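Undergrad: predicted model and sequence below, questions to follow.
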Amino acid sequence: MIDTIETEIDGSLLEGGGQVLRVALTLSAVKKIPVRIKNIRGGRAKPGLMEQHLKGVELLRDLCFARTKGISFGSREVEFIPEDLRGGHYRVQIKTAGSISLLLQVALPCTIFANAPTTLDLKGGTNAEMAPQIDYTTEVFKPLFEKFGATFDFDLMKRGYFPKGGGEVVVTVNPVESLKPVDLTDQGKVTSIYGWAFAAGTLPIKLAHQLAYGATEELKKFDKVEIERYKEDRNIAPDNCAGIILVAETDTKCYLGASALGTKNEDPEETGRKAAKELVAVIEEGSCVDKYSQDQMIVLMALAKGQSRVRVGEITLHTKTAIFIAEKMLKDVKFEIIPSGTTNIIQCTGS
Ligand SMILES: Nc1ncnc2c1ncn2[C@@H]1O[C@H](COP(=O)(O)OP(=O)(O)OP(=O)(O)O)[C@@H](O)[C@H]1O
């Protein structure tokens, strides 16, 4: 043991995966709370720190100059004693297609509270399953993040897909004094639906057309739908992948997203249709954020100065997990879930 650590988190609780670690260490770094996380990813068949999680923890350690124990591949217990967050230039290379977006999930809330601007040069997967595609992060998460009064710039240098990875994104962040609370309770009317269907590597552009066609068919009832279909430049995206990202924007400036990646076992039109159905479902339920941004709102709401309210659909296990950890780590933060018709309002007065 390094020091007296009062806050202990059981990493097998609730969602039981990488998210427990990300939320706990992000709040630890921002609020300078020493923490011990046991049973890391205890809910997974292969528990412990995998490459993706390890690189995220190392980045956080470097950002706040933390004294640590247990940061190694496969580790199931980490101790983390943070110091002040420092801006600067940080480089991370995930050797797999582990998600760059998930690195940003931990790093962004920290870099906005650093003592100087930060540049993050992140290598890994840009468009992979089970994580936000980078385009989702920049087109859906970023405008939501901006509602809290913070932002980031990014340059996409290279695309990285499963299994090789090799993508690269450079992100710059300027610090802010504090985060503003948000009121995101009125979905408003959808003003446009836009998106991108892509094929990369040696895959034919026909796949992009099929993905976009399936999605467009499903979105017929909306007036303004524009889905760009394109073949990625092989210098930027040398490996094979196809996928689609869809965004619905409303007159109250809600941004709802859905996405999918093509697979060998599914007709691309069906893949496009599924992504569109997901988008239609979130529009029809009246939520102001989709289920993937839902859990990402929790850390920001917990850190914002004042009361935030966000209308969401069914509360996801990821969200319940983030709330549980935020309340455990920040004693002055309390979340309330207020049922409201087919939706729920998540309410929180930040720390
Ligand atoms: N299609 C998607 N679009 C946007 N975000 C997504 C999508 N799929 C998953 N996510 C987000 O990616 C994150 C995945 O976290 P999760 O803890 O499940 O995975 P992980 O960190 O890889 O860990 P583990 O391997 O332990 O499951 C969540 O925040 C989830 O909301």
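TA: Perfect, I can see it now. This is a predicted model, so every value here is computed, not measured.

Undergrad: can you give me the strands in the stretch 101-250 of the chain?
TA: For the stretch 101-250 of the chain, the strands defined by DSSP state E, counting those that start in this stretch cover 118-124, 153-158, 167-173, 183-184, 190-200, 225-231, 241-250.

Undergrad: just give the nearest non-adjacent residue to the residue positioned nearest the centre of the chain, would you?
TA: Central residue of the chain (Cα atoms, centre = their mean): Gln105, 5.0 Å from the mean position. Leaving aside its chain neighbours, Gln105 sits nearest to Arg22 (5.7 Å; criterion: Cβ to Cβ, 6 or more residues apart in numbering). For the C-beta atoms, the positions are set from N, CA and C on the backbone; glycine is no exception.

Undergrad: ok but that neighbour is inside a helix, no?
TA: Yes: judged by DSSP: H, G, I helix; E, B strand; the rest coil, Arg22 forms part of a helix.

Undergrad: domain assignment for this structure?
TA: 1-84, 85-177, 188-285, 286-351 (automatic domain parsing).

Undergrad: and the residue nearest to Gln105, what does it touch?
TA: 53, 56, 102, 105-106 (Cβ atoms under 8 Å, 6 or more residues apart in numbering).

Undergrad: what angle sits between the helix or strand hosting Glu58 and strand 118-124?
TA: Per DSSP states H and E: Glu58 is located in helix 51-64. For helix 51-64 against strand 118-124, the angle by axes from the mean of the first three to the mean of the last three Cα atoms, to 10 degrees is 170 degrees.

Undergrad: now the helix or strand just after helix 51-64: buried residues?
TA: Downstream of helix 51-64, the next assigned helix or strand under DSSP H and E is strand 67-69. Buried positions in strand 67-69, judged by neighbour count with 16 or more other Cβ atoms under 10 Å: 68-69.

Undergrad: strand 67-69 - what's its average pLDDT?
TA: Across strand 67-69, pLDDT averages out at 98.

Undergrad: and the closest residue to the ligand within the stretch 151-300 of the chain, how far from Pro204?
TA: Closest to the ligand within the stretch 151-300 of the chain is Tyr292: 3.3 Å, counting by Cβ to the nearest ligand atom. Separation of Tyr292 from Pro204 (Cβ to Cβ, to the nearest Å) stands at 29 Å.

Undergrad: same deal with Leu59?
TA: On the measure of Cβ to Cβ, Leu59 and Pro204 end up 37 Å apart.

Undergrad: hmm, back to that, the more surrounded of Tyr292 and Pro204?
TA: When Tyr292 and Pro204 are compared for neighbours, Tyr292 comes out ahead with 22 against 11, by other Cβ atoms under 10 Å.

Undergrad: hang on, the more buried one in a strand?
TA: No: looking at Tyr292 with three-state DSSP, it is helix, so not inside a strand.

Undergrad: ok, the residue nearest to it when sequence neighbours are not counted - how many residues close by?
TA: Nearest non-adjacent residue to Tyr292, counting by Cβ to Cβ, 6+ apart: Pro132, 6.1 Å away. Pro132: 24 surrounding residues under other Cβ under 10 Å.

Undergrad: so Pro132 sits right up against Lys142, yeah?
TA: No: under the criterion of Cβ atoms under 8 Å, Pro132 is not in contact with Lys142, lying 10.9 Å apart.

Undergrad: re the thing from before, so of the strands of the stretch 101-250 of the chain, which one's packed in deepest?
TA: Ranked by mean neighbour count under mean count of other Cβ atoms under 10 Å, the strands of the stretch 101-250 of the chain are led by strand 241-250, which reaches a mean of 25.

Undergrad: now for that strand, which elements pack on it?
TA: Judged by 3 or more Cβ pairs under 8 Å, 6 or more residues apart in numbering; DSSP states H and E, strand 241-250 is in contact with strand 190-200, helix 206-218, strand 255-261, helix 268-285.

Undergrad: can I get stretch 290-308 as CSV, trimmed to CA atoms?
TA: Output of stretch 290-308 as CSV, limited to C-alpha atoms (Å, rounded to 0.1, in the frame of the first residue of the first chain):
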residue,chain,number,x,y,z
ASP,A,290,-29.0,8.9,-26.9
LYS,A,291,-28.1,5.9,-24.8
TYR,A,292,-24.3,6.2,-25.6
SER,A,293,-24.0,9.8,-24.5
GLN,A,294,-26.2,9.2,-21.5
ASP,A,295,-23.5,7.7,-19.3
GLN,A,296,-20.9,10.2,-20.6
MET,A,297,-23.1,13.1,-19.2
ILE,A,298,-22.7,11.8,-15.6
VAL,A,299,-19.1,12.8,-15.0
LEU,A,300,-19.7,16.2,-16.6
MET,A,301,-22.9,16.8,-14.6
ALA,A,302,-21.1,15.8,-11.4
LEU,A,303,-18.3,18.3,-12.1
ALA,A,304,-20.5,21.2,-13.3
LYS,A,305,-21.1,24.1,-11.0
GLY,A,306,-24.9,24.1,-10.3
GLN,A,307,-27.9,22.0,-11.1
SER,A,308,-28.0,20.0,-14.4
